[in-house]
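Peer 1: 3D, please:
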Amino acid sequence: MELEVFILAGGKSRRMGTDKGIVSFHGKAMVQHSIDLANQLSECVTIISNNLAYKEFGVPLVKDTIPNIGPIGGIYTALHQSNADNVLVLTVDSPMLQLDLIHELINAHLQNDVTYLFGLNRIYPLTAIYNKTSIKVIKMQIDQGNFTVIDCFNNLRCGSVEVGAGQVNQLANINTLLDLKKYEGNS
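Peer 2: Predicted coordinates for the structure are as follows:
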């Protein structure tokens, strides 16, 4: 499957107090964990952020095409920028994500517009594969002022991969210093 990877790093990081993607987790910036994973999947890896500090990580950096609308803006930007039929979206704040789980996601994508992970009754729309054709539905929703990613799924062919109890920690978002301390101690 032709795949480009885009790492969403545009959040405001209010709860962390500093840009969380640059915060160290097990000796390297959280974004570097996402980059290392992405490099195993594609030669085309891009970070989406307005923070120019991300240039130091050696992968292309693009700004949101439509700024200040949250993660849906990052997904739209990824689809708008991509030359591939499929885009894998990752985030900077899930540094424990492993390759085996992403391979499950890729294998399940098939003819879906979007394939996402879910576990413990929660959908993870920011660790997902979006087909380039889904850009029309996402743009229409943005134009209507609805910036909730999951709402797009009502108008897209969706697939999902259930994350087992032993894998769910891989999807943990590190949003605070408390989260950082907790997960550095548990992994």
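Peer 1: When you work out contacts or count neighbours from here on, use the C-alpha atoms and nothing else.
Peer 2: Will do.
Peer 1: now the helix or strand harbouring Gly185: how far from the chain's centre is it?
Peer 2: Using DSSP states H and E, Gly185 sits within helix 177-186. How far helix 177-186 lies from its chain's middle: 20 Å, per C-alpha atoms, centre = their mean, to the nearest Å.
Peer 1: Near the residue nearest to Leu8 when sequence neighbours are not counted, how many other residues are there?
Peer 2: Nearest residue to Leu8 in three dimensions, chain neighbours excluded: Thr91, at 4.7 Å (C-alpha to C-alpha, 6 or more residues apart in numbering). The number of residues packed near Thr91 is 25, by other C-alpha atoms under 10 Å.
Peer 1: same thing with Val149?
Peer 2: Around Val149 there are 18 residues (other C-alpha under 10 Å).
Peer 1: and what of the one 5 residues further on?
Peer 2: By the criterion of other C-alpha under 10 Å, Asn154 has 9 neighbours.
Peer 1: pretty sure it is in a strand, no?
Peer 2: No - applying DSSP: H, G, I helix; E, B strand; the rest coil, one finds Asn154 to be helix, outside a strand.
Peer 1: check contacts around Ile106.
Peer 2: Ile129 (C-alpha atoms under 8 Å, 6 or more residues apart in numbering).
Peer 1: The host helix or strand of it: what's the following helix or strand?
Peer 2: Element membership of Ile106, judged by DSSP H and E, is helix 99-109. Counting by DSSP H and E, the next helix or strand C-terminal to helix 99-109 is strand 114-119.
Peer 1: got the contact list for that next one?
Peer 2: Contacts with strand 114-119, where a contact means C-alpha under 8 Å, 6+ apart, come from 105, 108-109, 123-131, 134, 153, 156-165, 168.
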